[in-house]
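[1] Below are the sequence and a predicted model; questions follow.
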Amino acid sequence: MPIRFDHKPGLVVYLTAGDPSLNATREIALAAIDAGADVIELGVPFSDPLADGPIIQRASERALARGTRLKDVLALARKIRAARPAAGLIIFTYLNPILRYGLRKFADDAKAAGVDGVLATDMIVEEAAEYLAEMDRVGLAPVFLAAPTSPDARLEAIAKYSKGFVYAISRVGVTGTQQSVAADATALVARIRRWSKLPVAVGFGISNAEHFAQVAEFADAAAIGSAIVELVERSTPETAPGAVARFIKGLYLPYAAAAR
Amino acid sequence: MASIIHPANPSESRPGRFGVYGGRYVPETLVAALDELEQAYAAARADSAFQAELSALLGDYAGRPTPLYFAKRLTESLGGARIYLKREDLLHTGAHKINNALGQGLLAKRMGKKRVIAETGAGQHGVATATVCALLGLECVVYMGDVDMERQALNVQRMRLLGAEVRGVSSGSKTLKDAISEAMRDWVTNVRTTYYLLGSALGAHPYPTMVRDFQRVISKEMKQQILEKEGRLPSAVVACVGGGSNAIGAFYEFLNDREVRLIGVEAGGRGTELGDHAARFRGGAPGVLQGTYSYVLQDEDGQIALTHSVSAGLDYASIGPEHAALHDSGRADYVSCDDAEALDAVVKLARTEGILPALESAHAVAEAIRIAPTFAARDILVVNLSGRGDKDMGILARELKL
């Protein structure tokens, strides 16, 4: 089903699948959806996550140490889809695990599991011919990253080949938390809108309600990863779903109050 | 807008592709910087002033041309091919790495970048980069795995003395692969001000091509020197292959001389199980690691495997994409020598010729020792002696009980 941002502002939640366990990730994902997440990004743990900061690196190591495999992530996606038919569901991955799995088989199996789209962090538009053909064949949305350093010609291509939404990177750097939302982000979203009518989600470093509100001023959605993964890290498997749900409700609190 | 960027078919021949290998698989944030680098390098390459400056430094500062030395006692002791050593170990800083560091250092300066970052395994590329940054007045940060900092401690001290900051990397296998990931994280964060001086023919386009171009001087000299000394081409050129920069530099000018066998020697480590070696062509499969599509040691889920080699410079899970293409086309052969063979080769070369090779280069020497007796006495083997072994004295003292 098409990816929709029903909440205003919208919310994309990243979870490293298998951290602390696949069952826990399912519970956390369901709690996140019920608390207001429009889209869940299920992160496939990778041994060499060079676009990620320390928080997601640690989560990936824990998930791999528990033996989490791509096929397990797809099985997890199937369970989340069965439990929450309307939520957006994205596989967030480095390329090598899906190349090894087989691009064609991955596309088939992801679609069959009820996944809506794929974001491959190290896949850029120039290299994407086969990847795009497979996404298109099965009807998965390819989500590309747009960076503050991307010139307009690249943003035009990213806009053209993205489906579902465009993921705008708020600042140069790896994933992780930060003090404030960079001025880079506002300018980038404005530039993306020149080329695309898709919703724009802003991510990398969005850590708290203040950032969320800032992003809501100029983007359709915020993508929150490291802050939530760190919350999971600090919780037990039993308390993590509740902690994540409270965090998300906290993001929406100012909006709920305004509506009353 | 003039033209939008379209996805290309990976099997198409285009810059940065070697057969199906190579390409550019990086986070979007880095693409503009790679484009900028590609353009700056193309301009520098075509600029005679840049080439003259590099050439002068390679000569007066680094010590080129390096000798092509006939290893008479080694040849006599093996009985077979005449063995020549290309003495890259005699270069300033002790390895071929300075060829590329000078080239890219000048490029960084030309691009107006004040801060240079690098990764290093054995420390030779780190030392070369620290040296060039001192020479050119650039800030230098070198990432190095904790395991490598311990086993190549001498080079860590050299880098610090030269004014570089050495940052230890404690993630993953704590070796070269993890140093590259950390350097890329730095680059993606400081991309607007920082030049990433990659040390091998690896990574995203244009690095494999650019690094090869800067190392090509090895085979250019080799070819001219062997024709002067012997009046004919060698039967084979032998070089060790980690990322593959010394090997591609030693092979390149011979690619069209089909009668010259090109032999790359990978690290056989301590066994044949995944995790015990760094022989990508024996246990690896095509995949993407750190920006390029090449052979990668990985498990059945596409997770990158741990590697092992006594030599830090060969201890890496992937290999330069041009080597992957040369392997598949059959133009070059890739074999492996294990830790024990490399250590034996260090002793053999030290005691027959009075030359102490780096443990990396000793893998190429070991292969020459193995195959020389299978050649006729008139055949010529050229071994690229990519670096000297002083840095390895700690490991050698322990392993050889000196």
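    Everything's here; your move. As the structure is a prediction and not an experimental result, all values here were calculated from the model.

[2] Can you tell me how far the residue nearest to the spatial centre of chain B is from residue A:247?
    In chain B, the C-alpha nearest the mean C-alpha coordinate belongs to residue B:245, at 3.0 Å (Cα atoms, centre = their mean). Per Cβ to Cβ, to the nearest Å, residue B:245 is found 47 Å from residue A:247. Using the backbone N, CA and C atoms, a C-beta is placed for each residue, glycine as well.

[3] Over to residue B:207?
    For residue B:207, the distance to residue A:247 - Cβ to Cβ - is 41 Å.

[4] So these two - more neighbours on which side?
    Shown here are residue B:207 and residue A:247; by other Cβ atoms under 10 Å in any protein chain shown, residue B:207 has more neighbours (31 against 18).

[5] Please give me every residue in contact with the more buried one.
    Neighbour list for residue B:207: B:198, B:201, B:291 [criterion: Cβ atoms under 8 Å, 6 or more residues apart in numbering or on different chains].

[6] How about residue A:39?
    A:3, A:5, A:10-13, A:87-90, A:116, A:165, A:201, A:221.

[7] go again using 6 Å as the cut-off
    By Cβ atoms under 6 Å, 6 or more residues apart in numbering or on different chains, residue A:39 lies in contact with A:12, A:88.

[8] check which helix or strand covers whichever residue of the stretch 1-150 of chain A sits closest to chain B.
    Using Cβ to the nearest Cβ, the closest approach of the stretch 1-150 of chain A to chain B is made by residue A:100 at 3.0 Å. Assigned by DSSP states H and E, residue A:100 falls within helix A:95-101.

[9] quick one: which of the contacts of residue B:207 sit in strands?
    Judged by DSSP state E, those include residue B:291 as members of strands.

[10] Can you select the buried ones among the contacts of residue B:207 for me in PyMOL?
    In PyMOL, a selection of the buried entries from the contacts of residue B:207 looks like this (16 or more other Cβ atoms under 10 Å in any protein chain shown):
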select buried, chain B and resi 198+201+291
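
[11] got the contacts of residue B:207 as a markdown table, with pLDDT columns?
    A markdown table is the format used below for those (pLDDT from 0 to 100):
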| residue | pLDDT |
| --- | --- |
| B:198 | 98 |
| B:201 | 98 |
| B:291 | 97 |
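
[12] So which of the contacts of residue B:207 is the closest to chain A?
    residue B:291 (7.4 Å).

[13] Stretch A:60-70 and chain B in contact?
    Yes: using Cβ under 6 Å from any Cβ of the partner chain, stretch A:60-70 reaches chain B at residue A:69.

[14] Endpoint to endpoint, that stretch covers what distance?
    Length of stretch A:60-70, first residue to last, Cα to Cα, to the nearest Å: 12 Å.

[15] what comes up buried for it?
    By neighbour count with 16+ other Cβ under 10 Å, stretch A:60-70 contains the buried residues A:60-64, A:68-70.

[16] List the contacts of the helix or strand just after the helix holding residue A:100.
    The helix or strand immediately downstream of helix A:95-101 is helix A:103-112, counting by DSSP H and E. With contact meaning Cβ under 6 Å, 6+ apart, helix A:103-112 is reached by A:74, A:91, A:98, A:134, A:138, A:140.

[17] Send me helix A:103-112 as CSV with only the CA atoms.
    Provided in CSV are the C-alpha atoms of helix A:103-112 (Å, rounded to 0.1, in the frame of the first residue of the first chain):
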residue,chain,number,x,y,z
LEU,A,103,18.4,-8.6,-5.5
ARG,A,104,15.6,-10.3,-7.3
LYS,A,105,14.8,-12.7,-4.5
PHE,A,106,15.0,-9.9,-2.0
ALA,A,107,12.6,-7.8,-4.0
ASP,A,108,10.2,-10.8,-4.3
ASP,A,109,10.4,-11.7,-0.6
ALA,A,110,10.2,-8.1,0.7
LYS,A,111,7.1,-7.5,-1.3
ALA,A,112,5.6,-10.8,-0.2
